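Participant: Attaching a predicted model along with its sequence, questions to come.
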Amino acid sequence: MKRLINLTPAPAMKWLLGLLPFAVLLLLYVVTSDARLAENAADKLLPSFGSMQEAMTRMAFEPSKRSGDYLFWTDTASSLRRLGAGVAIAAVLGLIIGIATGALPMLSAVFSPLLTVTSLIPCLALLPVLFIVLGLGELSKVVLIAIGITPFIARDIQRRTREIPVEQLIKAQTLGANSAQIICRVLLPQLMPKLINAVRLSLGAGWLFLIAAEAIASTDGLGYRIFLVRRYLSMDVILPYVAWITLLAFVFDYLLRRISKRLYPWELAE
Amino acid sequence: MITAHNLWKHYGDHTVLERINVTVDEGEFITLVGASGCGKTTFLKLLLGVESISRGSLTLSGEPIASEPGPDRGIVFQQYSVFPHMSVLENVVAAIGFRQPGLTGFLFGQPKKDAEELSLSLISKVGLQAAAHKYPHELSGGMRQRLAIAQALMAKPKILLLDEPFGALDPGIRADMHTLVLDLWRENNLTVFMVTHDLKEGFHLGTRLWVFDKPRIDPHAPEAYGATITYDLSTSRNTDVAFSETSP
């Protein structure tokens, strides 16, 4: 008998083992849901998959009686627009701040303490300030996401910039490169895959800020809908929405990973 | 060409180099040997301009050596010497682009074609023509060092500094690299400083071999005294064996 730390599953077995917990959870849900529904057919807590499908058909493929919109899709579009804008702004700002403070000691001396303090502000606590200053419109939600994840991306990129071997910077200087050339040609290309990675890691926080902002002040969006239908205990809408958000998060993460691999083939080899 | 006069280097209380007096002429191939921590690499860093001297003077053609790296002094490190995100060709072309003024050093149109042609001829000279479009991680250690040397030479330095460039290579590959370095040294009329751990390599390559060692040791304060060049030998390859001890 091998030691436990040396016992590894075969590839096919690994897949099956990975799927096992999902299957168990699903089964557990179906059994308990059935048991509750058998006792009380009007139970709302653990809806059957049939009623979830029914609710989602209504949300996704029938126009809303009030506005005529297909709510599921308009919610998705609004949320993704906010998340995309917020994350894009944070990525650009984070990259610029991170490279500038990572590569230029003078700028680092000025901005690093500020960056450290900013990153410690719990930015959900700033949400009321944003609502007061920027109003309840789209801007405050996008700004919340941007403020929330920019410090994380900036600090990550700053650290990654400093991790680039000093030998490369010296080499570039002995080839006659000026500071701008070193930043554009040596640092920036090597930091792009790190930026994609930082964005992947900060998407989770991005979703959190998005849903929080939508729950508090919004008229559409995935987070808004979940908190709205909570009043009617509509678990048949909430659960599919949560599953949908999870799926979107998974797809973005997967796509970003693939893009990074495709564009920067030299990255993983180090 | 290069003169060190009563040169000292300390880090705080820690003396690394002391009382170094040497003159180097153009075209010499100097190998630096000595135990670890004896200041060989520190001396190379002083020449490179990433460290500054504490006392005395270090001049290049009469001028104090610049306090930052520049294109007159090329360098090849043991590792991390090439840009991992550029192909072999791009690495060498970048050396041409970086000599242009501008924000990015990218070349376009005819200058780019000329630069690529020039780079390819140098790439073939170091024996990498088959790998011109590969990335550094796809190359062996020896090929990467060939690329690093080609890239350094593209900047046309007067002085080439080599910091244990072949330390991580197999013995067979080392012999090939020695031939390459000697060829390039003769062709380009370079002054070479090479740090090595391998005494045999030092004697084989250099026209002049420096041994770094500490002439004085205080057992109660081992860092109080620094290393200096205890032997300055002309190797047999150029002249008859001359064996002189520098006056401390």
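Facilitator: Received it, and whenever you're ready, just let me know what you need.
Participant: Could you use CA atoms for every contact and neighbour count after this?
Facilitator: Noted.
Participant: where along chain B do the helices fall?
Facilitator: For chain B, applying DSSP state H gives helices covering B:40-48, B:88-97, B:109-125, B:141-154, B:171-188, B:199-205.
Participant: pLDDT (mean, whole number) over stretch A:185-197?
Facilitator: The average pLDDT for stretch A:185-197 rounds to 95.
Participant: Contact residues of chain A facing chain B?
Facilitator: Taking C-alpha under 8 Å from any C-alpha of the partner chain as the contact definition, chain A meets chain B at A:165, A:167-168, A:170-178, A:180-182, A:184-186, A:189-190, A:264, A:266-267, A:269-270.
Participant: What would I type in PyMOL if I wanted to highlight the buried members of the residues you listed and nothing else?
Facilitator: In PyMOL, a selection of the buried entries from the residues of chain A next to chain B looks like this (16 or more other C-alpha atoms under 10 Å in any protein chain shown):
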select buried, chain A and resi 167+168+170+171+172+173+174+175+176+177+178+181+182+185+186+190+266+267
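Participant: coming back round to it: do you know which of the helices of chain B lies nearest chain A?
Facilitator: helix B:88-97 (5.4 Å; C-alpha to the nearest C-alpha).
Participant: Run through who's touching the closest one.
Facilitator: A:172, A:175-176, B:82-83, B:105-107, B:115-116, B:119-120, B:123, B:131-136, B:147, B:150-152, B:154-155 (C-alpha atoms under 8 Å, 6 or more residues apart in numbering or on different chains).
Participant: Try it again at 6 Å.
Facilitator: When contacts are defined by C-alpha atoms under 6 Å, 6 or more residues apart in numbering or on different chains, helix B:88-97 is touched by residues A:175, B:105, B:106, B:115, B:119, B:132, B:133, B:134, B:151, B:155.
Participant: Report the contact partners of the fifth one.
Facilitator: Okay, so that is residue B:119. Applying C-alpha under 6 Å, 6+ apart, one finds that residue B:119 lies in contact with residue B:92.
Participant: before we move on, back to that, need the contacts of helix B:88-97 in CSV (columns: pLDDT and distance to residue B:223).
Facilitator: Output for these, formatted as CSV (pLDDT from 0 to 100; distance: C-alpha to C-alpha, whole Å):
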residue, pLDDT, distance to residue B:223
A:175, 94, 35
B:105, 84, 44
B:106, 88, 47
B:115, 92, 49
B:119, 94, 46
B:132, 93, 47
B:133, 93, 48
B:134, 93, 46
B:151, 94, 38
B:155, 90, 38
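Participant: how about CSV for those, with distance to residue A:245 added?
Facilitator: Output for the contacts of helix B:88-97, formatted as CSV (distance: C-alpha to C-alpha, whole Å):
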residue, distance to residue A:245
A:175, 50
B:105, 44
B:106, 43
B:115, 51
B:119, 51
B:132, 46
B:133, 42
B:134, 41
B:151, 50
B:155, 54
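Participant: Sort out which one of these lies nearest residue A:56 for me.
Facilitator: For the contacts of helix B:88-97, the residue nearest residue A:56 by C-alpha to C-alpha is residue B:134; the value is 51.3 Å.
Participant: How about that closest one: what's its closest non-neighbour residue?
Facilitator: Of all residues not flanking residue B:134 in the chain, residue B:87 sits nearest, at 5.2 Å (C-alpha to C-alpha, 6 or more residues apart in numbering or on different chains).
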